[in-house]
Structures are given as structure tokens and as C-alpha cells.
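1. I need the structure of the sequence given here:
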Amino acid sequence: MRFSLIAVTATGLAIASYYAFARQPSVDFSMMTGSVDANPGQQSGSANASMTKTERLSAQLVMPVGAVDSRTGRSPVVMAQATGPASDDLIAQASNPAQPQGASRPPVTAAGQQAQQPAVDESALRYFAARGDTARLQAEISRLRALYPSWTPPADPLSIQTNGDPQLDRMWQLYAQSRYADVRDAIAQRQQAEPGWQPPEDLLDRLKLAESRSGLTAASDAKDYQTVIRIAAENPTLLTCSEVDALWRVADAFAHTDRGTRARDAYLYILNNCSNTDERIATVQKASELLPADMLEQLMAKERTPPGGQPEFEVIRDGIARRLVGEGNSDAKLVVAPAYLQRLERLASATDALSSDALILGWYYYRRDNLGAAERWLRMAYSKQPDASSAEGLALTLVRQNSPVEAENTLYPYRDTSDDTRAAYLAAVSNLLALNPVPVLQSDVLARMAPAVITGRDAAAAQQFGWYARTMRQPATAADWFSTALGWKPDDEPSAYGLALSRFDLNDRAGFAAVQRLWAGRSERIAEIGRPDAQDMAQAQPARAVAPAYAEPVASRPQYVAPQRTEVALPRQPMEGRAPVMPTPAPPSVRRVAASAPAGGNGSGSGGGSRPGECWMMSDVRSLRPEQALSRGWCLMDLNRPLEAVQAFEVASSSTSATARSDAAYGRSLAYLRVGLTDKASAAAADASQTNARAVELQSSILSDRAVKFFKLGRYREALLALDQRARIVPEQTDLMSLRGYAYLSLGRRADAQRVFQALADTGNSAGQAGLADMLDGGMH
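-> Residues are numbered from 1 along each chain as shown. Here you go, the predicted model:
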């Protein structure tokens, strides 16, 4: 009875939504097409003739003439058919969404009379309304109005008379459960039993559309962008506000095939014609990750402000500012609008600001040689959260401001975090040793810098150690460092010059002569050392070389945790005549791992089978038969080596057995899910047909992963959309209900959050009680 009560409640909601939806008028407008990039009037027949079929289809990637968008009630036209002066009014309507809806006209016949109501199969309306499926009810209205522009939805879909066909009702039920293959089987079985029976065109059309939607989604997840565009072009009724996910995927495909203008047009279509606030905000968020700043501003211009409320995109402007300024870190020529810089500076200056905001600003100004601003923001970031990225940026800025002492001290704890921090630290060391006048450094500072230079094999820093040792009247140590620098960089003339001077000072005639012979004809100043008319080089100190400036930082700098450091005590002078010794890592040891019996196979067989504990050391998986590869894949999954299991399952997918191919696709999807590659998991799941139980399991897992990923990224609206999609196929588990509650709370929807947390708390769930406590504490406003 619990299900019946829910169905009754949902039915009432569906009918109420239906009444509001059915009252919307129709207005003709156009969407995004290839003619946006150029003057439509200049399209030529010869140009069209040279286009491929896919290009011609994607150039007309809009809804057909007369089709109607379920949420806007509007009917787009194909711009490819609207390229002459006679259609300018239609194009004008596309670029002016503010045109009053009352200006629309009902379709007319050739005689100028209003079209008559056509005969339409409305059984699906009654089925979806009876089950409270609002989304499918509105999608069906959209589809029928696209096919029959003059059709008017009935006032009460529950009053529609049906033929009382139990088998047909069963087909609709399978369709509502997204079991499209089962619908095809049911149709075939009935046609075999009743040769004269034909399924309703409505069912066939919806089935084809649903299969196309699944194909488009799978192609998008697999990043097969040309297939996405082709499927969308062949199924234009997918491109409506009720199918906003398809529109997002088409825009993404355009953006990844170097058609940014077309991607912008797809996003503009949504903003011009769709009214769901969450989806509009998610549209701009997605576009901000793909489009350049100028196109993004065109989308932001479509912002709507409700009476007495804030502009709808205000909640994402902070994130856009972070993204744009962050992109400026990788491109020094990129100019970020002052408004976004000022917004990010306000965020970074707040009392509870994130250290990452100041870090982004610091790197942005460093890339543009604004060292004063760079130091301010990087020092602020370092004071809030000392880590490798902030220490590196601050150290580089201090080096360029001639403050290498502080730079070396700041970056030393993080010197081995990455190649970038190591290079920055060695640049600080070089510049510190090259200071003029020469600083007198403490022995502990020299002792910690020397092993870093040796480990990094940095010739510039080794050379500066040599000059520093000469200044300190330690020629033997100087010769050692110069020799070491030449070992790492044999063509370094300044190091050779320093080595020659040091050996001359040490009265090492043979060593000095060897350097002169090696550099004869290549260095005039080395040849002049020791000549009677030359300067007394044993007494005079040569001009010391200036360490080269550190290269520009890379754009993306992850937040690292400082490693535990170990102090290495070294003698102040290396052994005379020998370069400092480089540590040599020990060869890695091989550790065998015992595994349990693999699931789904006995693991036996010759030629590379996978007995328990042995699949990790087998031969190349490509040499196995598909059945052996399938067993290997499950064995590797038991060993928690999913990426290797993927390779085995890919070989298994070539099996002639449909069951083996299905198992391989299932295994590959599970492997991708285990490593968090949700899109690849979705694409893998679509490679072969699955049982209904498996399909539901995979789809619910994929949507769960997406929801969690979006939540972690702070994209709470997209997290809720993923949770909504998952809730349509399986009940929502308690941990995801908690996630939903916190997503609501992060968006300021406190009433919705309280409703979810209260429902959890009423069952004794601790997460629900914690959520209510967070709300009482005023958290996550």
C-alpha cells in the first residue's frame, strides 16, 4: 500500500504540473547552426556540395520545423531553411528572446485557416500521468507537439480512453523502466504471435528517441564527439529544454572539436529558452570550463534577476573569477577583466578567505612581473597555509626581488616536493651564493644547501658554490665544486675558468695545464691565466657569475603536504681532488602477492591462465584467448589492480560469445568505477547488452560517483541533478540522502536541507542528526 499512496500523491503533482505546462503558448525561433559563424546569405550550393554528410547534418543541428520545446512551449525552425530575406523575421525572433509570447501565431494551412486538431495517440500521456511521472509526461507533450504543431494537449490526461490492452500496457511499463531492449523483444514476440498486430507509432517513436538518447550519452561518455553530433543531428527532438543533458553534451562535443561558436550557440539556446534556474546556472558553469572569456560574457549577459532577488548567476561568479584568473597563470598574455580580479581580491582579503584565492592571485601577478602584488598575495597565502605551492611562488618572487636569503629559508622544507620546487630552491641557492657583497653564511645553512645541489645535479648552483669557496679563501673546495659543475655541464666556460684559477692558486701545474689545453681556442681568459702581463689572479677575485633566473612556473600547482625532512651533516669542504659523491638508489625489490580465487572463473588453463596468486606475473594479456583474458581480468580485480584488469577485459570483449562480451563490458565498467573514471565506466557499460539487474547496478553506481564528484568540486546543482537521475531507477540510500542534504545547505536551500536531515534523523541515522546540528550551528550558509 505504501507504493500506492506514493503513486497517488505523485499523480496529483503530475497533473498540477501538466496543467501549468499545457497553457504555455508557442513562438517560432531558431537555434544554433553553422550559419552563425558567417553571413547566412553567403552560403553557396558549391560549398554545401563539398560538405560531408556529418557536416551537413551538424550544420542543421536544430529541431525540425514545427517542433516544440516542452518547457518553453516554443517551436524552433531550421536556420538552414531560413537563409533568405523571407525568413529574417524568424532569425530576429531567435536573437530576441524577450519578444512577448503573445505575439505568436497558431499554425495555419495553405488556405490561411487554422489547422484542425489531428488524430494523436495520447495513451502514453495517460500512462505517465497515472504514475506521477512528471518528467516523462512533459517530455511526451514536447514530442507530440513537435510531431503535431496544431495539437492541443487534453485538459485531463487521466480521462484519455485506452483500449485495455494488457500486453501494450506491459510494453509501456518496460519503457518507463528504461528497459528498451525488453520492449523490442515484447514487440517482436507479439508480432510473431499476432502477425497482423502493429505497435502504436507513438511507442515506436518514443522508443527510437530513448535509444538515440542512450547512444548519445554513451558516445559522449566515451568522448566520441563526432558520433554525438551525428546522433543529435539525426534526432533533433532531443534538443529541447526537457532534454537539457543532451544539449549540454552536444555543446561539449562542439567545444572539443574546435567549434567554440557552435558550443556557445547551444548554451545560448538553453539560456534564451529554458527556465529551470538550476539548469541555467549549471549551463553557465559548464560553459565556463570550455569557452573563452569573451564568449562566456555573452552567456552571462542572459542573466535573469527575479523581483526582489539577486541575479541568478551571482552564486557562480566567484568560481568563474577563480577559473579565469587561474587560466591567466598559464598564459601570461591573457588579460582578465578588472571586475573579476577585483572580485577575487575581495574574496582573498576576507577574514575567512581560502588560502587558494590569494595563491591564484599571487601566481597571476608573478607571471606579469608585478612583483609587489605577487609578494603580497603569495605571502598572504603562505601565512594562511604554508605549503609547497605558496612557498615556491613566494621564494621565486623574493629571488627576483634580490632577497634570496629569505627565499632559501622559505622553500627549504619543500625542496623535494616536486621538480618545480626543487628547481626553485636551487635558483634561490644560486642567487644566495651570488650575492654581492658576499654574505657570511652559517655552517648549518651551507650543510643543508650542499646535498640539495648534489642531488639535483645543478651545474649553476655548483658553480656558485665554487665562487663562494674562492671568496672564503678555500681554493681546494672551490676546485672541487667547479669540477663537479663541469661534470654535469661540460661546456660551462665560467666553471672551467673558476677551475683553472683554483688549480693555479693551488700550484697544481698539471691540472691547470690540462684545463688550458682543453679550452684552448674556446676561452681567451683561461689562456691568459699565469702570463707575466696578466693580472695577478692568485690575489684578485674575479667577477662572480650571476645565477640564471629561474624559468617561469607552470600553470597548475597542486597543493602538496610537506615531507618529513632529514638533516644531512656534511664536511664544510669536499675531499680534495674528488667531486661530491652522488647517492645511488637501491634497485627495487619484487614482492609476490597472494590472491584468492578469481570471481567468475576457475582460473585454470594453459598458455597464460590465471591461477590464484599468479595472474599478476603472467605474460602479455594480448596473447590470451578471450576466455582466458576474462578470467585474468577477474583475478586482477581481486588483486585490486583495476587498470590492468581493464586491458584484460578489453581482450575478452572480442569473444564470439555474447555472454562473455557482456561479462567483459561489465568487468571493464566496474574496473573504471574503482579508479573513479566515471565517464569511461559509463561508456564501457554501453559496449554490450546487460541484464536488467546489472544495468541498474552500473547506472546507479555511475550516477552515485558523479554526484559525489560534483559535490567535492562544489558544483552542488549538478550533484543534485545526478542524485535526481539516480532516484528514478533505485531508492536513495542514506549516505546519498545526507549528500543531498548538504548540497541543499550549500545552495542556501535550508528548508529542503532540513527536510532531508529530519527524515534521516527520524530513523535514528547519525548523519541526519549531524546535519541538523550543523544547521543549528549556522554552518554552510
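2. now do the helices in the stretch 401-550 of the chain.
-> Counting by DSSP state H, counting those that start in this stretch, the stretch 401-550 of the chain has helices at residues 404-411, 419-433, 443-456, 459-471, 475-488, 493-505, 509-518, 524-528.
3. that's a strand at residue 690, yeah?
-> No. Counting by DSSP: H, G, I helix; E, B strand; the rest coil, residue 690 is not found in a strand; it is coil.
4. for residue 712, find the nearest of the helices of the stretch 401-550 of the chain.
-> Closest to residue 712 of the helices of the stretch 401-550 of the chain, according to CB to CB: helix 419-433, at 25.1 Å. Any C-beta I mention is one placed from the backbone N, CA and C, and that applies to glycine too.
5. centre of the chain to that closest one, how far?
-> Put simply, helix 419-433 sits 32 Å off its chain's centre (CA atoms, centre = their mean, to the nearest Å).
6. tell me which residues in it are buried?
-> Of all the residues in helix 419-433, those buried under the rule 16 or more other CB atoms under 10 Å are 420-433.
7. which residue, other than its chain neighbours, is closest to the spatially most central residue of the chain?
-> Geometric centre of the chain, nearest residue: residue 289, 8.1 Å, by CA atoms, centre = their mean. For residue 289, ignoring the flanking residues on the chain, the nearest one in space by CB to CB, 6 or more residues apart in numbering is residue 323 at 7.1 Å.
8. from residue 268, how far out is that neighbour?
-> Noted for residue 323: a distance of 20 Å to residue 268, by CB to CB, to the nearest Å.
9. and what of residue 388?
-> In terms of CB to CB, residue 388 sits 41 Å off from residue 268.
10. tell me the pLDDT at residue 541?
-> Note for residue 541: predicted pLDDT of 44.
11. going forward, count from 834.
-> I'll keep to 834 as the first residue from here, and by that count the last item is residue 1374.
12. contacting residues for residue 977?
-> Residue 977 makes contact with 953, 955, 958, 984, 986, 1035 under the criterion CB atoms under 8 Å, 6 or more residues apart in numbering.
13. ranking the residues you listed by neighbours, who comes first?
-> Using other CB atoms under 10 Å as the neighbour test, the contacts of residue 977 are led by residue 958, with 23 neighbours.
14. just the element for that residue, please.
-> Under the criterion of DSSP states H and E, residue 958 resides in helix 956-963.
15. show me what that helix is packed up against.
-> Packing partners of helix 956-963 (3 or more CB pairs under 8 Å, 6 or more residues apart in numbering; DSSP states H and E): helix 835-855, helix 967-980, helix 999-1009, helix 1034-1054.
16. surely residue 1554 touches residue 1115?
-> Yes. Residue 1554 is in contact with residue 1115 according to CB atoms under 8 Å; the separation is 6.9 Å.
17. burial measure for residue 972, as a count.
-> Neighbourhood size, residue 972 [other CB under 10 Å]: 22.
18. pretty sure it contacts residue 1074?
-> No. The pair residue 972 / residue 1074 is not scored as a contact, 10.1 Å apart, by CB under 8 Å.
19. quick one: low-confidence residue ranges for the stretch 884-1033 of the chain.
-> Under the criterion pLDDT under 70, the flagged ranges of the stretch 884-1033 of the chain are 884-952, 954, 956, 959, 964, 991-997.
20. gap between the closest residue to residue 1330 other than its chain neighbours and residue 1125?
-> Beyond its immediate neighbours in the sequence, the residue positioned closest to residue 1330 (CB to CB, 6+ apart) is residue 1359, lying 5.5 Å away. Taking CB to CB as the measure, residue 1359 falls 54 Å from residue 1125.
21. before we move on, back to that, from the chain's centroid, how far away is the helix holding residue 958?
-> Offset of helix 956-963 from its chain centre (CA atoms, centre = their mean): 39 Å.
22. now the angle from it to helix 1034-1054?
-> Orientation of helix 956-963 against helix 1034-1054 (axes from the mean of the first three to the mean of the last three CA atoms, to 10 degrees) gives an angle of 70 degrees.
23. could you tell me the angle between helix 956-963 and helix 999-1009?
-> Relative orientation of helix 956-963 and helix 999-1009, computed by the same axes, to 10 degrees: 70 degrees.
24. for the stretch 1084-1233 of the chain, give me the ranges with low pLDDT.
-> Under the criterion of pLDDT under 70, none of the stretch 1084-1233 of the chain is flagged as low confidence.
25. residue ranges of the helices in it, please?
-> With helices called from DSSP H, counting those that start in this stretch, the stretch 1084-1233 of the chain shows them at 1093-1106, 1110-1121, 1126-1133, 1147-1163, 1171-1182, 1188-1200, 1204-1217, 1221-1233.
26. hmm, residue 1200 is touching residue 1160, no?
-> No. Counting by CB under 8 Å, residue 1200 stays clear of residue 1160, with 10.9 Å between them.
27. neighbour count winner among the two?
-> Under the criterion of other CB under 10 Å, the comparison of residue 1200 against residue 1160 puts residue 1200 first, with 19 against 16.
28. please report how far the residue nearest to that one when sequence neighbours are not counted lies from residue 1190.
-> Closest residue in space to residue 1200, ignoring its immediate chain neighbours: residue 1165 at 4.6 Å, by CB to CB, 6+ apart. Residue 1165 is 20 Å from residue 1190, where distance means CB to CB.
29. who has more neighbours, these two?
-> Neighbours were tallied for residue 1165 and for residue 1190 using other CB under 10 Å; the higher tally belongs to residue 1190 (24 against 13).
30. so what's the more buried one up against?
-> Residue 1190 touches 1155, 1177, 1180-1181, counting by CB under 8 Å, 6+ apart.
31. nearest spatial neighbour of it, chain-adjacent residues omitted?
-> Nearest to residue 1190 is residue 1181, by CB to CB, 6+ apart, at 3.9 Å.
32. tally of neighbours for that neighbour?
-> Neighbour count for residue 1181, taken as other CB under 10 Å: 23.
33. report the two of the contacts of residue 977 separated the most.
-> Pairwise distances across these (CB to CB) peak at 13.8 Å, for the pair 986 and 1035.
34. does residue 957 really touch residue 973, like I thought?
-> Yes. Look at residue 957 against residue 973 with CB under 8 Å: they come within range, at 5.0 Å.
35. which residues do those two both contact?
-> Residues touching both residue 957 and residue 973 (CB under 8 Å, 6+ apart) are residue 1039.
36. could you pull out the buried residues of stretch 1173-1188?
-> The neighbour-count check on stretch 1173-1188 (16+ other CB under 10 Å) flags 1173-1174, 1176-1178, 1180-1181, 1186, 1188 as buried.
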